[in-house]
Each structure stands twice: as structure tokens, then as C-alpha cells.
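[1] Coordinates only, no sequence provided:
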């Protein structure tokens, strides 16, 4: 009997987890062994279940997907595929830096998902074609993130979120001011902190002060 590739699905939406689980159930060589609703729970599940592959959402409560990916890749041999609705480079690069072996858009076909799982399980990396195209275009334009100042790597919206959070506004308040959802704000915050190498809000505020983004 051939051993199946064991998978842990991490997403804060139950309907998304159920949908992915149903899709993977059709693949004879893949078995979903668990689910988690946030990054912190994902780490505990990996420790308990030791899955071969984790499908990781980015924006989640308690602990975001990028930080969870970073910890899992550092502490365990489990491979991580970031599975998200965001398919632009501001999410791709932090995911790769965190140690992810793959990056697949949620709008991808189900066949792409199973192909990605099999690829990373066998030691390869996997990027959705749309993501690979982004990286090629990024290389061709010379934007290889070589700027010595990581602040220059932030998008305009990430800079807005950085400033507002540093000024003491809550996620909901920032969302209201920028006319976006709190989940979107959390996603921007996760990404900007990864790009700047910041671990918590205190470090974020200190960085903003040093940078002259806010004054005290």
C-alpha cells in the first residue's frame, strides 16, 4: 500500500477548509489529517500530527500565516504551501522569505492544488503560473528588492497602515479610515512587519519613530 501525502489545512473560514478538503478527497494519494483556524493552532496541529504539507492562509486572527509559516519551517520538517486570495508580489516575497515551498492562488484550478502538494512533498518548489509570471516580470524590470532600505519595499497602502498603527489606532479604526476590511488591514500589517523584520507592535512604533514617520 502506497503511503498517502498527509495535509493540514489552515484557514480561518470553515467553508474554505471544507471546500479544500472535499477537493483533496478526490486525489487518491492525498489525505487531509487535520484543520486549523489560525497560525497558533496550526503550529500545535503540526506538532501533534506531523503532516507532510501544510496549506496556509495568510490573513488570520491570533497569529498570521506568514509568522506561522516561519515558525513551522524553522521547527519542523513539514513543507508549507501558502494558499491565498492575494497573488501579487507584496505577498509572494514575504511568503518565500518565511520559508514557504509553494504559493498558490485560491482562484487556481483544483488540479493545480494537487500538483503543488505533490511537488513540494517530493522536495521541489511550486508557484502558480500567475505567480511565476510576476517573478519573471519583476526580474526583467530590475526590481529585485535590492534596495538597502526595506521601507522602500513597502507599498503605499502598507505605509499608510504602518503610520496609523504606530499612531495608536486599532485595526478596526484603521479599516474605517482606509475604507477596507479589518482582515485586509491585518494582511497589510503582517506583510509590512515581515518586510521590516519587526516582531510586535512595540518594535513597529519604535521603527516609526526612528524613521520619522511619527513623532513623540
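    Perfect, thanks for sending it. From a predicted model like this one, the values you see are computed outputs, not experimental measurements.

[2] Which strand or helix spans residue 35?
    Residue 35 belongs to strand 30-36 when assigned by DSSP states H and E.

[3] helices and strands around that strand, which ones?
    Applying 3 or more C-beta pairs under 8 Å, 6 or more residues apart in numbering; DSSP states H and E, we find strand 30-36 packed against strand 5-10, helix 14-24, helix 39-49, helix 110-121. Where C-beta positions appear, they are placed from N, C-alpha and C, glycine not excepted.

[4] separation between the most centrally placed residue in the chain and residue 168?
    Centroid check for the chain by C-alpha atoms, centre = their mean gives residue 58 as the closest residue, at 3.4 Å. Computed with C-beta to C-beta, to the nearest Å, the distance linking residue 58 and residue 168 is 25 Å.

[5] How is the protein partitioned into domains?
    Per the record, the chain has its domains at 5-139, 150-208, by automatic domain parsing.

[6] Including mean pLDDT, could the ones you listed go into a markdown table?
    Shown next, in a markdown table, are the domains of the chain (pLDDT from 0 to 100):
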| stretch | mean pLDDT |
| --- | --- |
| domain 5-139 | 87 |
| domain 150-208 | 89 |
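
[7] Out of the ones you listed, the one nearest residue 214 is which?
    Of all these, domain 150-208 sits nearest to residue 214, with 4.7 Å by C-beta to C-beta.

[8] distance between the ends of that closest one?
    13 Å (C-alpha to C-alpha, to the nearest Å).

[9] tell me how far it is from the chain's mean position?
    15 Å (C-alpha atoms, centre = their mean, to the nearest Å).

[10] go on, stretch 35-54?
    Stretch 35-54 has its C-alpha centroid displaced from the chain centroid by 15 Å (C-alpha atoms, centre = their mean).

[11] Residues contacting it, please?
    When contacts are defined by C-beta atoms under 8 Å, 6 or more residues apart in numbering, stretch 35-54 is touched by residues 5-12, 14, 17, 21, 33-34, 56, 60-65, 67-69, 71-72, 75-76, 78-81, 117, 120-121.

[12] again, 7 Å this time
    In this structure, residues lying in contact with stretch 35-54 by C-beta atoms under 7 Å, 6 or more residues apart in numbering are 5-10, 12, 17, 33-34, 56, 60-65, 67-68, 71-72, 76, 78-81, 117, 120-121.

[13] Then stretch 207-215?
    Residues contacting stretch 207-215 (C-beta under 7 Å, 6+ apart): 151, 162, 163, 166, 167, 196, 198, 216.

[14] just the helices in the chain please.
    All helices of the chain, identified by DSSP state H, fall at 14-24, 39-49, 65-75, 89-98, 110-121, 129-140, 156-166, 171-178, 182-196, 201-211.

[15] so the fifth one versus helix 14-24, what angle?
    Using axes from the mean of the first three to the mean of the last three C-alpha atoms, to 10 degrees, the interaxial angle of helix 110-121 with respect to helix 14-24 works out to 80 degrees.

[16] Helix 110-121 packs against which elements?
    Other helices and strands packing on helix 110-121, by 3 or more C-beta pairs under 7 Å, 6 or more residues apart in numbering; DSSP states H and E, are strand 5-10, helix 14-24, strand 53-56, strand 79-84, strand 102-105, strand 126-127.

[17] looking at those, which is closest to residue 92?
    Closest to residue 92 of these, according to C-beta to C-beta: strand 102-105, at 5.5 Å.
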